[in-house]
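S.K.: Provided below for reference: sequence and predicted model.
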Amino acid sequence: MQRYSKLMIAIHWATALLILGAWITSEGGRAVRANPPLLHFSLGLAVLALVVPRLISRLLGGAPSAEAGQRPLLAWGAKAGHAALYVFIIGLPLTGWYAASRMGVPVSFFGIGLPALTGAVQGSPGIVAELHESGGTIILFLAGLHALMALWHHFVLHDATLRRMSPFSG
């Protein structure tokens with residue numbers, strides 16, 4: 001069994017926990033202008049910050065090749081699912097930062113102030129804010145489906161997919 005590198009495993013599980021934490025600490029509507037969810041901002045931006053080392057590790061061989069004999073449809077589904085997750089782990093923090101900027105809410109990353117991505121507007125921050133809010137729910141659905149597929153591989157197909165990313169085996 002080829003395993004993911006220890007760095008990839010750590011980033012994977014840290015990202016999962018950060019996404020869950022960002023979702024739990026999220027707030028919407030007018031309350032954001034009056035009381036910005038600073039922890040939510042920091043957790044979301046931490047997800048974005050982990051993308052670069054994740055991609056570098058992946059390019060340097062931190063991800064094993066697909067298991068031999070995997071059905072083509074499963075391999076395609078895995079690639080599509082991972083691509084969708086990457087779109088969301090990059091897109092959600094950026095759309096959140098943009099939406100906060102449109103609301104005139106200062107964004108910080110664990111106390112470090114970040115520049116606004118756009119000018120503030122009066123009224124609704126627009127469709128990007130709505131996409132960010134909906135995207136938060138969608139990424140939880142995708143992550144849940146990702147976890148269910150890993151369990152299906154483990155308990156139904158009896159392959160090593162789940163063990164390759166487990167922090168407890170190796």
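M.R.: Cool, the structure landed.
S.K.: what's in contact with the strand or helix carrying S57?
M.R.: Element membership of S57, judged by DSSP states H and E, is helix 38-57. Applying C-beta atoms under 8 Å, 6 or more residues apart in numbering, the external contacts of helix 38-57 come out as 5, 7-8, 11-12, 14-15, 18-19, 21-22, 25-27, 63, 86, 89-90, 92-94, 96-97, 100, 107-110, 114. (Glycine included, C-beta is placed from N, CA and C.)
S.K.: among these, which are in helices?
M.R.: 7-8, 11-12, 14-15, 18-19, 21-22, 86, 89-90, 92-94, 96-97, 100 (DSSP state H).
S.K.: are any of those buried, and which?
M.R.: 8, 11-12, 15, 18-19, 21-22, 89, 92-93, 96-97, 100 (16 or more other C-beta atoms under 10 Å).
S.K.: For H153, state which of the residues you listed is nearest.
M.R.: Nearest to H153, judged by C-beta to C-beta, of those is H12 at 15.3 Å.
S.K.: any idea of the pLDDT on the closest residue to that closest one other than its chain neighbours?
M.R.: Distances taken as C-beta to C-beta, 6 or more residues apart in numbering place M165 nearest to H12, at 6.0 Å, with adjacent residues excluded. Looking at M165, its pLDDT reads 93.
S.K.: before we move on, the earlier item: what residues sit buried inside the helix holding S57?
M.R.: Neighbour counts over helix 38-57 (16+ other C-beta under 10 Å) mark 38, 40-48, 50, 54, 57 as buried.
S.K.: Can you give me the pLDDT of the nearest residue to V105 once chain neighbours are set aside?
M.R.: Take V105 and drop its neighbours on the chain: the residue closest to it by C-beta to C-beta, 6+ apart is P36, 4.7 Å away. Among the per-residue scores, P36 holds a pLDDT of 89.
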